[in-house]
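Undergrad: A predicted structure for the sequence below; I have some questions about it.
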Amino acid sequence: MEAVLEAVKRTTTGKNENNRTRAAGQCPAVIYGAQKAGDAIAPLPVSVDPKPFLRILHSKSGMNTLITLKVDGETDAQVLVKEVQLDPITHAPLHADFYRVNLDRTIEVTVPIVLKGESRGVKVEGGILDFLHREIVVETLPNQIPNSIEVDVSAMGIGDAIHLRDVLANVTWTPVTDPDTMLVHVVALKAAEAAAEAGPAAAAEPEVAKKGKTDKPEEKAGDKKAADKKPDAKKK
């Protein structure tokens, strides 16, 4: 899916400026990557209207939507959303990172797996469908990113499994995830119960949405702090 999003340049940055931008009803954002080959990579602070931005995030392609970003009314570039921070209560976008992409160069993105049909092993044989990997990483051109990868499980019986290699026919992308990765299998009820008792509960995900690697954009420098060393206890 492709979409158009309007943005406005910001001349100042920082926490206070971001708060003022949100108070004005806009979402602060930054565009990374060069506008064209040979250009220096310089982050561009902008703001976007959160309502159309949310519509893009909630579309079928979500964060894999190819966006034509218009800055101050002029087309800047085609971008993908690299990361978006959401309010933990309202889920409104608080900040977004966009990365310019070259339509002629492949990128790596994370794509969700969607199951189709009702497994015979569940419906008839009383088994449990174990959905092991709900997304994979693929390499593709920016305008050929699939919204999702559909896996038909209707013919699966107890003991059957589908691996990534089983769904590679006639695709326009190249798997980065190991093709031998098992996506889904059907297990007997007792085996599923035993596995559930043995495995710890999954930790909750933070309210930050990220996606797979793009065309190796400039990395933001993170603050690195040396670990504090405890002083040795004084001898009496």
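TA: Nice, I can see it. Given the structure is predicted, the values throughout are model-derived calculations rather than measurements.

Undergrad: what's the domain layout of this structure?
TA: What automatic domain parsing lists as the domains of the chain is 2-100, 108-198.

Undergrad: quick check, pLDDT for K234.
TA: K234 carries a pLDDT score of 48 in this model.

Undergrad: actually, K213.
TA: Reported pLDDT for K213: 50.

Undergrad: if we can go back for a sec, mind putting the domains of the chain into a markdown table with mean neighbour count and mean pLDDT?
TA: C-beta coordinates here come from the backbone N, C-alpha and C atoms, glycine included. A markdown table is the format used below for the domains of the chain (neighbours: other Cβ atoms under 10 Å; pLDDT from 0 to 100):
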| stretch | mean neighbour count | mean pLDDT |
| --- | --- | --- |
| domain 2-100 | 16 | 91 |
| domain 108-198 | 15 | 93 |
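
Undergrad: check which helices and strands the host helix or strand of L129 sits against.
TA: Using DSSP states H and E, L129 falls within strand 128-131. Packed against strand 128-131 by the contact rule (3 or more Cβ pairs under 8 Å, 6 or more residues apart in numbering; DSSP states H and E) you find strand 107-116, helix 120-123, strand 182-187, helix 189-198.

Undergrad: direction included, what does it pair against?
TA: If you go by DSSP bridges, strand 128-131 pairs up with strand 182-187 (antiparallel).

Undergrad: and the strand it pairs with with strand 107-116, angle?
TA: Angle, strand 182-187 to strand 107-116, by axes from the mean of the first three to the mean of the last three Cα atoms, to 10 degrees: 20 degrees.

Undergrad: can you give the strand pairings for the helix or strand just after the strand holding L129, parallel or anti for each?
TA: Next helix or strand after strand 128-131 toward the C-terminus (DSSP H and E): strand 135-140. Counting by DSSP bridges, the strands paired with strand 135-140 are strand 107-116 (antiparallel), strand 174-175 (antiparallel).
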